[in-house]
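# have a look at this prediction, sequence included:
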Amino acid sequence: MINEKIKKQALKLSDEERAELARILIDSLHPEKEFESEEAWSKELKKRIDRYEQGKSSAKPWSEVKKNAQSLLG
């Protein structure tokens, strides 16, 4: 069980700090896979950007994507 003092301190962090802490904790579970996943995400991101810049895919505003996701979740 998580120590309540640590939990309260973590929840006082900014969104950015909590995201960084979450990444550090997740990476600590499987440190040998960190590089592989970062490299794979970088390749995927580059591929998507290239497709968008070549006009082969389109983008939607975050508000629309969020609304669609919320409707799917009920």
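Yes, it's here.

# so residue 55, which of the three states?
Using DSSP: H, G, I helix; E, B strand; the rest coil, the secondary structure recorded for residue 55 is coil.

# give me the number of residues near it?
Around residue 55 there are 7 other residues, counting by other CB atoms under 10 Å. C-beta: built from backbone N, CA, C; applies to glycine.

# give me the pLDDT value at it.
Predicted confidence (pLDDT) for residue 55: 92.

# where's it relative to residue 37, distance?
To residue 37, residue 55 is 29 Å away according to CB to CB, to the nearest Å.

# repeat for residue 20
16 Å.

# does residue 58 sit in a helix, a strand or a coil?
Once three-state DSSP is applied, residue 58 turns out coil.

# so what's the backbone phi/psi at it?
Phi and psi for residue 58, reported as degrees, to the nearest 10, are phi -120, psi 170.

# which helix or strand contains residue 70?
Here residue 70 sits within helix 62-73, counting by DSSP states H and E.

# tell me how far stretch 42-55 is from the chain's mean position?
With CA atoms, centre = their mean, to the nearest Å as the basis, stretch 42-55 stands 18 Å off its chain's centre.

# contacts for that stretch?
57, 58, 59 (CB atoms under 8 Å, 6 or more residues apart in numbering).

# from residue 72, how far out is the first one?
Separation of residue 57 from residue 72 (CB to CB): 21 Å.

# of these two, who's got more company?
Using other CB under 10 Å as the criterion, residue 57 and residue 72 rank with residue 57 on top: 11 against 7.

# in what element of secondary structure is the nearest residue to that one once chain neighbours are set aside found?
In space, and not counting its chain neighbours, residue 57 is closest to residue 51: 4.5 Å by CB to CB, 6 or more residues apart in numbering. Using DSSP H and E, residue 51 maps to helix 34-53.
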